[in-house]
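>>> With the sequence up front, the predicted model follows.
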Amino acid sequence: MDIKNEDLLKSAGICGLYCESCTCYIGTKEDNKRLEILSQRSGRSVEDFICDGCRTERASYYCRDCYMKNCSKQKSISFCFECSEYPCGHIKEFKEQMPHRIELFDSLQYLKENGLEEWENKMLRDYTCPDCGVTNSAYDIKCRKCGAYPGSEYVKKHGEEIINRLKK
């Protein structure tokens, strides 16, 4: 299994999240309006949300000081599943905080068993609109490009939970 492919690693969070399905990443690469909305909602600057992926120099403020990111550097590992303490309390708590993290442990297990390339293929299947092929975030209930519902396989599986969480 090749988990060291540098190009693919840019899309793979240490925690198992798929960076290309993140609203900040999508906003940085394709839809700057998203960054403006995040800025208005949070009171933070647009620059705080600019992100090329959590392993890059330009990571959003969410990922800049991520515990898992810092921990993996200290332990010289690429993913949380490589740690002898996995799953630690930090990643368990992180998983429970937001609906886009529901499948976090499943994602890491798939990566461990199938390698980075197959994991990325699965992430594309999970987050790509079945109608037009655009990658959506977990919060794009409808496809951000063509309006198809659901916007992705992930939303098909977890849409109700996402919507309920967003109402809070």
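Happy to help now that I have it.
>>> After the helix-or-strand element of the chain with minimal mean pLDDT, which helix or strand is next?
Lowest mean confidence among the helices and strands of the chain (mean pLDDT, DSSP states H and E): helix 6-9, at a mean of 71. Sequence-wise, the next helix or strand downstream of helix 6-9 (DSSP states H and E) is helix 23-29.
>>> So which elements touch that next one?
Packed against helix 23-29, as judged by 3 or more CB pairs under 8 Å, 6 or more residues apart in numbering; DSSP states H and E, are the following elements: helix 32-42. C-beta here means a position set from N, CA and C on the backbone, and glycine is covered the same way.
>>> Just the buried positions in the helix or strand following the helix it packs on, please.
On the C-terminal side of helix 32-42, the nearest following helix or strand under DSSP H and E is helix 61-64. Applying a neighbour-count criterion of 16 or more other CB atoms under 10 Å, the buried positions in helix 61-64 are Cys63.
>>> same question, stretch 20-35
So for stretch 20-35, counting by 16+ other CB under 10 Å, buried means 20-28, 34-35.
>>> to the chain's geometric centre, what's the distance from stretch 157-168?
Centroid displacement of stretch 157-168 relative to its chain, using CA atoms, centre = their mean, to the nearest Å, is 17 Å.
>>> Equivalent analysis for stretch 156-167, please.
For stretch 156-167, the distance to the chain centre is 16 Å (CA atoms, centre = their mean).
>>> same check, this time on stretch 127-139
Using CA atoms, centre = their mean, the offset of stretch 127-139 from its chain centre is 13 Å.
>>> same deal with stretch 70-85?
For stretch 70-85, the distance to the chain centre is 18 Å (CA atoms, centre = their mean).
>>> What of stretch 62-77?
On CA atoms, centre = their mean, the centre of stretch 62-77 falls 15 Å from that of its chain.
>>> Repeat that for stretch 96-113.
On CA atoms, centre = their mean, the centre of stretch 96-113 falls 10 Å from the chain's centre.
>>> Which residues belonging to it are considered buried?
Using 16+ other CB under 10 Å as the test for burial, stretch 96-113 gives 99-105, 107-108, 110-112.
>>> end-to-end on that stretch?
Start and end residues of stretch 96-113 are separated by 23 Å (CA to CA, to the nearest Å).
>>> quick one on the thing from earlier: can you list the buried residues of stretch 96-113 in TSV and add secondary structure and pLDDT?
Formatted as TSV, the buried residues of stretch 96-113 follow (DSSP: H, G, I helix; E, B strand; the rest coil; pLDDT from 0 to 100):
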residue	secondary structure	pLDDT
Pro99	helix	92
His100	helix	94
Arg101	helix	95
Ile102	coil	94
Glu103	coil	96
Leu104	helix	96
Phe105	helix	98
Ser107	helix	97
Leu108	helix	97
Tyr110	helix	97
Leu111	helix	96
Lys112	helix	96
